[in-house]
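A.B. asks: Show me the folded form of this:
(one chain, ligands or ions: 1)
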Amino acid sequence: MDQRMKQSIILAVDGGATKTTITLRTIQGECLFEKTTTGSNYQTIGVDAVSVILNDLLHGAYLSTKLKSIDVAVFAMAGIDTKSDLEMVTQIIEQSLQNTPFHIENLVIENDVQATLIGLVQNTPGMLLISGTGSIAFGTDGRNRFFRTGGWGHRASDEGSGYWIGRQILKGIFRAEDGLDSPTVLKKLVLEKLKINSVDQLVNWLYHPEYTNSHMASISSVLQEAISLNDEKAIRIAQSAANELFLLVNATLKKLHYDGEPFTLHLNGGILRHDTYIRNELVQFIHQEYPHIAIALCKHNPIEYIVRRAKYALKIS
Ligand SMILES: Nc1ncnc2c1ncn2[C@@H]1O[C@H](COP(=O)(O)OP(=O)(O)OP(=O)(O)O)[C@@H](O)[C@H]1O
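C.D. replies: As a prediction, the model looks like this:
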């Protein structure tokens, strides 16, 4: 028998809002297949589009490896927020799996943030705070109870996220243009970033048919330079983003009845990874209120935490 066949095989899917990654690994970590494509949140792209993406990824994984027997598969999917979401996504995944020769011993389907958190902390208490295009905090008491705060989407929530920061920046530019607020260097930086010349063109950009949430979030990347130029508006936006993110952490700790036990807060997402000003402010807020909480920045690609989640499922099965 092929040596590889004797090893446990893991299939992990990280189905995020902007991209979906599938990987097939041996328990020892050998990568047998990996592919990334567009996002697979059924709430934003619909059931049929998610089916197409999963069918394509699963088919690719089978054709490339010819493996049929999978010991554990974890599908970590954005958009699983309620019981009915879970039922809907389970149906999509099970139908996609029926189109493949895969036999899966242990199938886990759960919210992508929850799966990442389990990958990080396994059965110990901890929390994951994400600020990327959106924002959310997810905590666990280590006894299989999970609590989330935020992450209700860009239209009415996602405070402290890239989208939220981008919107505050544009709001600041328009208010300065109207003479409601003082001028801000953010205007020059945003126009340069978008390679346009005027606020009128900025309005065209904002209402362009191809506008997406990620476009709005991408505006946030000018914030650090504006702060280095001592721009008051930029500093206020960054402090307010850090404060909003602190509130997510604070509310989640209260739900967990945190009382000072060993606890790690993991940080992830483009804003927390790259915007050191916001991250440092946030860390300061947290340490003032909760001096004993350890804070760790996630260093790996999101799929690695889903692989760890799958290994944990294998360990406890
Ligand atoms: N080098 C950088 N400097 C500043 N901001 C950055 C940098 N790189 C990415 N960002 C910001 O990070 C955000 C995107 O983060 P990320 O890639 O984690 O999001 P995502 O995976 O699309 O969203 P989500 O985690 O909400 O599903 C954007 O607001 C982007 O401007």
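
A.B. asks: all contacts plus neighbour counts: C-alpha atoms, from now on.
C.D. replies: OK.

A.B. asks: so who does the closest residue to His292 other than its chain neighbours touch?
C.D. replies: Nearest residue to His292 in three dimensions, chain neighbours excluded: Gly260, at 6.6 Å (C-alpha to C-alpha, 6 or more residues apart in numbering). By C-alpha atoms under 8 Å, 6 or more residues apart in numbering, the residues touching Gly260 are 290, 292-293.

A.B. asks: Model confidence for Gly260, exactly?
C.D. replies: Listed pLDDT for Gly260 reads 89.

A.B. asks: again with Thr212
C.D. replies: We have a pLDDT of 88 for Thr212.

A.B. asks: Can you get me a residue count around it?
C.D. replies: 11 (other C-alpha atoms under 10 Å).

A.B. asks: How much space separates it from Thr36?
C.D. replies: Counting by C-alpha to C-alpha, to the nearest Å, the gap from Thr212 to Thr36 is 20 Å.

A.B. asks: re earlier: can you flag the buried ones in the contacts of Gly260?
C.D. replies: Using 16 or more other C-alpha atoms under 10 Å as the burial test, those include 290, 293 as buried.

A.B. asks: okay if I get the contacts of Gly260 as a markdown table plus secondary structure?
C.D. replies: Output for those, formatted as a markdown table (DSSP: H, G, I helix; E, B strand; the rest coil):
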| residue | secondary structure |
| --- | --- |
| Tyr290 | coil |
| His292 | coil |
| Ile293 | coil |
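
A.B. asks: Save the contacts of Gly260 as TSV, and put in pLDDT too.
C.D. replies: Putting those into TSV (pLDDT from 0 to 100) gives the following:
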residue	pLDDT
Tyr290	96
His292	94
Ile293	97
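
A.B. asks: and the stretch 51-200 of the chain, which of its residues are near the ligand?
C.D. replies: 132-135, 162-163 (C-alpha under 6 Å from any ligand atom).

A.B. asks: do the same with the stretch 201-317 of the chain
C.D. replies: Residues of the stretch 201-317 of the chain lying near the ligand (C-alpha under 6 Å from any ligand atom): 217-221, 269-271, 274-275.

A.B. asks: please redo it, this time with the cut-off set to 8 Å
C.D. replies: For the stretch 201-317 of the chain, the residues in contact with the ligand (C-alpha under 8 Å from any ligand atom) are 214, 216-224, 268-275.

A.B. asks: Of those, which belong to helices?
C.D. replies: Under the assignment DSSP state H, those contribute 214, 216-218, 223-224, 270-274 to helices.

A.B. asks: so can I have JSON lines of the residues you listed showing neighbour count?
C.D. replies: Below are these laid out as JSON lines (neighbours: other C-alpha atoms under 10 Å):
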{"residue": "Ser214", "neighbour count": "15"}
{"residue": "Met216", "neighbour count": "20"}
{"residue": "Ala217", "neighbour count": "21"}
{"residue": "Ser218", "neighbour count": "18"}
{"residue": "Leu223", "neighbour count": "26"}
{"residue": "Gln224", "neighbour count": "19"}
{"residue": "Gly270", "neighbour count": "18"}
{"residue": "Ile271", "neighbour count": "26"}
{"residue": "Leu272", "neighbour count": "25"}
{"residue": "Arg273", "neighbour count": "17"}
{"residue": "His274", "neighbour count": "13"}
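
A.B. asks: So what's the residue count around Val190?
C.D. replies: Here the count is done by other C-alpha under 10 Å, and Val190 has 23 residues near it.

A.B. asks: what residues are up against it?
C.D. replies: Taking C-alpha under 8 Å, 6+ apart, we find Val190 in contact with 219, 222.

A.B. asks: go on, Ala294?
C.D. replies: By C-alpha under 8 Å, 6+ apart, the neighbours of Ala294 are 262-265.

A.B. asks: Check Phe285 too.
C.D. replies: Phe285 makes contact with 243, 246, according to C-alpha under 8 Å, 6+ apart.

A.B. asks: quick one: which helix or strand includes it?
C.D. replies: Taking DSSP states H and E as the definition, Phe285 sits inside helix 276-289.

A.B. asks: avg pLDDT for that helix?
C.D. replies: Averaging pLDDT along helix 276-289 yields 98.

A.B. asks: now swap in stretch 226-246 and tell me
C.D. replies: The model assigns stretch 226-246 a mean pLDDT of 98.

A.B. asks: distance between that stretch and the chain's centre?
C.D. replies: Computed by C-alpha atoms, centre = their mean, to the nearest Å, the chain-centroid distance of stretch 226-246 equals 22 Å.

A.B. asks: All set now, cheers.
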